[in-house]
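> would you be able to build a 3D model of this:
(chains A and B)
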Amino acid sequence: MTLIAVPGWLESILPMIFVGFAGFLILAIGMKVDSGKAFSSITFVALALSLVSVVWQSYDPVAGSLVTFNPFNAYFAAILIISSLFVTFPALRNLTERRDIFYSLLLFVTLGMLVASFTMNLVVMFVAFEAVSIGTYVMAGFHKTRRALEASAKYFFTGAVSTGFIVIGLSYYFQATGTFDLTAVTIVSRIPLLTALAFLIIGFGFKLAIFPMHQWAIDTYDGSENSVSALLSTGSKILAFMIMLKLFVVGFPLLGQSVFIFFTILAILTMTYGNISALSETRLKRLLAYSSVAQAGYMILVFSAVAYAQYNGMSAGYIQFIVAAGMLYSLIYIFMKGGAFLALNSIGKENPGLEDISGMGTRSPALALSFTVLLLALAGIPLTGGFTAKAWLFLSLINVKLWWLAVIAILNSAISVFYYFRVISYMYRKEPLSGVIISTEKSVIVPVALAAAIVVALGIYFYVIYFILPFVGFLVGG
Amino acid sequence: MMVFMVLAESLSLLLFVIGLYGVMSSKVGIKMLISIEILVNAGVLNLVLVAGSSMQPIILALMVIAISAAESVVGLSILVAIYRKFGKVNISLLKEMKE
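As a prediction, the model looks like this:
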């Protein structure tokens, strides 16, 4: 179904035009007026239009092009746009100066995400990835408080080092395969490809915050403003996940065993480290940050399962099922994690601790209920989206006979229940503190409630994976 | 030719290690920025080495040069903001959050 009568190639790049044009428009308006409402509305409209045109495009194949328009890429583009949409209005709350710059940065970051999702070429992917990184370095430190600057500096220096790793990894990748086009990987020499594998895992692993490369994430999510933390832990992370999905599912043939060993070790370490550290954490944002490290651990199980299926010569159907489980996980993850970070906006205090949310159940029942649903989803309790995501992921692991890995992941989920329930018990069972304001404004509650509603809907509609499964065929043939 | 490739790739790896050591050992922001430049340029050197007759790595190398310039700009502005707040660009000042 075509929405507007435009030529095929124009229709395909329409989502990017909306977002990029609105970015420049806000910069232009910002020279004359400073109205947060106008900027956020323009951003929201542009992102919504972009989302509509991503979902409703007719996918004319553009032959021999650097960009590829297919449902698989559009799925991730839609997820990344939604993650920006979610922070559009909540970001306005703590923004006092240069609001035009913030919103145009948000739009340009989304543009980078869109370009990265609509390509299978590593050169384009790298440039778009860096556009997102550089934009988010600025956004992390945008509020220029002590904590925000610390967050931004830590994010910048680890991010810049990861760029170095990615560049050298890409150069070895070219040496091994002779191409940057992921759809045309044929000639392979093993030793440079193994080197490339190590460098690229470290480089993108920094952005995904997997175990040895995670420390910046804890401090950056902690120090940044809540909505920026929400964007960093959803959009930026899912972008890195998507790039790794494209890279490690199709880009490393004949190297399945090494990929499997690398990712299995990293996944187990990441899950366990994130969950164990969160158990003893008392600051709310750091707790959510550790939980997001643990969630990254579940996500990279996808790569080890795919590699295991590849080197055991299993049919494409198995691989498609695993990839679909990973795609479903990233969809549900943005609602769970984004909503949870945005819920902290209600607490009128910087760096809230566990005790600061005590009594939220009586002071703001709607918010407390939504936050509870999101935390239950992160723990993976049935009837929430978190259960759907985890159940399909673990089922796909068992499907390729990696039941021992599934057992480790389930044990980790069991550990994680403790610290999420600790937060919930503070909300409902403790007396409210007198000095802390808990906001009951609509602008805070609506996004969180919306995220919670979607998470519950995805939890009830358990078979949503069969809606995603057809998209995977565009990445993994068969 | 083979010897040249091995020597040149070792050079780029050496530059990479120097850059990495510089970032990890230094506490001064400017020094870390310079080390990151060395780190990224090691990658650029390696890209040009593996290019052979293909143009793709050369294009990526040019892109990386532009991107690393943009990145330095952002890094320097973060350091300027830190200088205005603290009066120093020493990264070790930034430890309000516990490790």
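> could you use CA atoms for every contact and neighbour count after this?
Will do.
> which helix or which strand is home to residue 38?
I went with chain A, as the question did not name one. Taking DSSP states H and E as the definition, A:Ala38 sits inside helix A:36-55.
> chain B, not that one
Using DSSP H and E, B:Ile38 falls within helix B:29-50.
> now for that helix, which elements pack on it?
Judged by 3 or more Cα pairs under 8 Å, 6 or more residues apart in numbering or on different chains; DSSP states H and E, the packing partners of helix B:29-50 are helix A:146-177, helix B:2-25, helix B:56-86.
> check the gap between A:Val373 and chain B for me.
29 Å (Cα to the nearest Cα, to the nearest Å).
> enumerate the residues of chain A near chain B.
Applying Cα under 8 Å from any Cα of the partner chain, one finds that chain A approaches chain B through A:123, A:127, A:130, A:134, A:137-138, A:141, A:144, A:146-147, A:149-150, A:152-153, A:156-157, A:160-161, A:163-165, A:167-168, A:170-172, A:174-175, A:179-180, A:219, A:223.
> how about stretch B:67-83, does it reach chain A?
Yes: if you take Cα under 8 Å from any Cα as the test, stretch B:67-83 does meet chain A, through B:67, B:70-71, B:74-75, B:78-79, B:81-82.
> generate a PyMOL selection restricted to the buried subset of those.
Buried members of the residues of stretch B:67-83 next to chain A, defined by 16 or more other Cα atoms under 10 Å in any protein chain shown, are picked up in PyMOL with:
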select buried, chain B and resi 67+71+74+75+78+79+81+82
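> now the residues of stretch B:67-83 next to chain A as a markdown table including pLDDT and distance to A:Thr440?
Shown next, in a markdown table, are those (pLDDT from 0 to 100; distance: Cα to Cα, whole Å):
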| residue | pLDDT | distance to A:Thr440 |
| --- | --- | --- |
| B:Ile67 | 94 | 43 |
| B:Ala70 | 94 | 41 |
| B:Glu71 | 94 | 40 |
| B:Val74 | 94 | 37 |
| B:Gly75 | 93 | 38 |
| B:Ile78 | 92 | 35 |
| B:Leu79 | 92 | 37 |
| B:Ala81 | 91 | 34 |
| B:Ile82 | 89 | 35 |
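> which of the residues of stretch B:67-83 next to chain A sit farthest apart?
Distances among these were taken as Cα to Cα; the most separated pair is B:Ile67 and B:Ile82, at 22.6 Å.
> low-scoring stretches of the stretch 1-150 of chain A, by residue?
A:1-8, A:59-65 (pLDDT under 70).
> let's see 80
Applying pLDDT under 80 to the stretch 1-150 of chain A flags the ranges A:1-12, A:57-66.
> where exactly do the helices run in it?
With DSSP state H, counting those that start in this stretch, the ranges of helices along the stretch 1-150 of chain A come out as A:8-30, A:36-55, A:71-88, A:99-117, A:122-140, A:146-177.
> next one: the fourth one to chain centre, how far?
When you say that, I think you mean helix A:99-117. Relative to its chain's centre, helix A:99-117 lies at 15 Å (Cα atoms, centre = their mean, to the nearest Å).
> go on, the longest one?
Here the centre of helix A:146-177 is set off from its chain's centre by 18 Å, with Cα atoms, centre = their mean.
> next structured bit after that helix?
Of the helices and strands lying after helix A:146-177 in sequence (DSSP H and E), the nearest is helix A:190-208.
> now that following helix and helix A:146-177, what's the angle there?
160 degrees (axes from the mean of the first three to the mean of the last three Cα atoms, to 10 degrees).
> format the CA atom coordinates belonging to helix A:190-208 as CSV.
Taking Å, rounded to 0.1, in the frame of the first residue of the first chain, the C-alpha atoms of helix A:190-208 are listed here in CSV:
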residue,chain,number,x,y,z
ARG,A,190,40.8,-17.6,8.4
ILE,A,191,43.5,-15.8,10.4
PRO,A,192,42.6,-12.2,9.5
LEU,A,193,38.9,-13.1,10.0
LEU,A,194,39.6,-14.4,13.4
THR,A,195,41.4,-11.1,14.3
ALA,A,196,38.6,-9.1,12.8
LEU,A,197,36.1,-11.1,15.0
ALA,A,198,38.0,-10.3,18.2
PHE,A,199,38.3,-6.6,17.4
LEU,A,200,34.7,-6.2,16.2
ILE,A,201,33.3,-8.0,19.3
ILE,A,202,35.2,-5.6,21.5
GLY,A,203,34.3,-2.5,19.4
PHE,A,204,30.6,-3.1,19.3
GLY,A,205,30.6,-4.8,22.7
PHE,A,206,31.5,-1.4,24.2
LYS,A,207,28.2,0.0,22.8
LEU,A,208,26.2,-3.0,23.9
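> the following helix or strand past it vs helix A:190-208, what angle?
Following helix A:190-208 in sequence order, the next helix or strand is helix A:215-223 (DSSP H and E). Here helix A:215-223 runs at an angle of 20 degrees relative to helix A:190-208 (the same axes, to 10 degrees).
> average model confidence for the helix or strand immediately after helix A:215-223 in the chain?
Downstream of helix A:215-223, the next assigned helix or strand under DSSP H and E is helix A:226-231. The pLDDT scores in helix A:226-231 average 93.
> what comes into contact with helix A:226-231?
A:83-84, A:87, A:90-91, A:139-140, A:220-222, A:337-339, A:341-342, A:344-345 (Cα atoms under 8 Å, 6 or more residues apart in numbering or on different chains).
> could you rerun that using 6 Å?
For helix A:226-231, the external contacting residues (Cα atoms under 6 Å, 6 or more residues apart in numbering or on different chains) are A:87, A:91, A:221, A:338, A:341-342.
> need the helices of the stretch 1-150 of chain A in a markdown table (columns: mean neighbour count and distance to A:Leu393).
Shown next, in a markdown table, are the helices of the stretch 1-150 of chain A (neighbours: other Cα atoms under 10 Å in any protein chain shown; distance: least, Cα to Cα, whole Å):
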| stretch | mean neighbour count | distance to A:Leu393 |
| --- | --- | --- |
| helix A:8-30 | 19 | 30 |
| helix A:36-55 | 20 | 25 |
| helix A:71-88 | 23 | 18 |
| helix A:99-117 | 26 | 22 |
| helix A:122-140 | 23 | 26 |
| helix A:146-177 | 25 | 28 |
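> what's the closest of those to A:Ser315?
When the helices of the stretch 1-150 of chain A are compared by Cα to Cα, helix A:71-88 sits nearest A:Ser315, at 19.7 Å.
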